[in-house]
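Chemist: build me a model:
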Amino acid sequence: MYYTYYNGTDEYSNGDIEDELLNIVKNNKEYDKTINETDSFAVFYHLSKNREFITEVMDISKNDSVLEIGSGCGEITGALAREAKEVTCIDLSKRRSLINAYKNRDNDNIKIYVGNYQDIKLDNRFDVITLIGVFEYSLYYMQDNDPFESMLISCMEKLNENGRLYIAIENRLGAKYFSGCKEDHVGKEFVGIEGYPGAIKARTFSCYER
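Modeler: Alright, predicted model coming up:
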């Protein structure tokens, strides 16, 4: 864990559930058993191995270095570490990064930096960079006229020749939003469908955008 760029405040949080998650990963490794014993979706969401399947479509070899931007509680960090030579994680939250560190403590090829991506200085380049559920927060990460373009350029500059950038983002036109579910990042109904009117901190896209 590296705290050089941490400002002392967790600028992103899912609330008190993160304390429960930290307690779980500190005291046991039988996450499947824990998931089966609770009806908490948050516990399932953060500790289930189901989300690791996303790495199966990624071209990653044992010689690759990976930069995981927005590593969160380590939902896919372990899968990346098993595939790659080394994984460098960046996340805004100290508490979420601690969950990641405890969850993946058996892997010796993981580094975790706590802080804003834009502030963290990394001299090396990477073979693979992942933006999983993170690109929508470029409005926060990148203080520029076009933060989404700036984020992409920044990532491309950190890639080795023939490096790969993987982006996974929610669809703002998802069926659940048409059914009246609140937009996950804004917490209001139909905001994404309407094109995010007003001031926002995050936005998603449809598959035809950008």
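
Chemist: so where's this structure uncertain?
Modeler: 210 (pLDDT under 70).

Chemist: helices of that one, start to end?
Modeler: 17-27, 31-36, 41-47, 77-83, 94-103, 138-141, 147-157, 175-178 (DSSP state H).

Chemist: now do the domain split for this protein, please.
Modeler: 17-169, 172-210 (automatic domain parsing).

Chemist: nearest to Y5 among these would be which one?
Modeler: domain 17-169 (3.1 Å; CB to CB). (Glycine included, C-beta is placed from N, CA and C.)

Chemist: that closest one: end-to-end distance?
Modeler: End-to-end distance of domain 17-169: 23 Å, with CA to CA, to the nearest Å as the criterion.

Chemist: now the residue nearest in space to the middle of the chain: phi and psi?
Modeler: In the chain, the centroid-proximal residue (CA atoms, centre = their mean) is G70; its distance is 3.4 Å. The phi and psi values for G70, taken as degrees, to the nearest 10, are phi 80, psi 60.

Chemist: quick check: closest non-adjacent residue to it.
Modeler: V134 (3.2 Å; CB to CB, 6 or more residues apart in numbering).

Chemist: correct me, but that neighbour touches L67?
Modeler: No: the criterion here is CB atoms under 8 Å, and V134 misses it with L67 at 11.4 Å.

Chemist: comparing those two, which shows the higher neighbour count?
Modeler: Between V134 and L67, counting by other CB atoms under 10 Å, L67 is the more crowded of the two (28 against 22).

Chemist: what's near enough to touch that one?
Modeler: 87-88, 90, 122, 126, 128-130, 158 (CB atoms under 8 Å, 6 or more residues apart in numbering).
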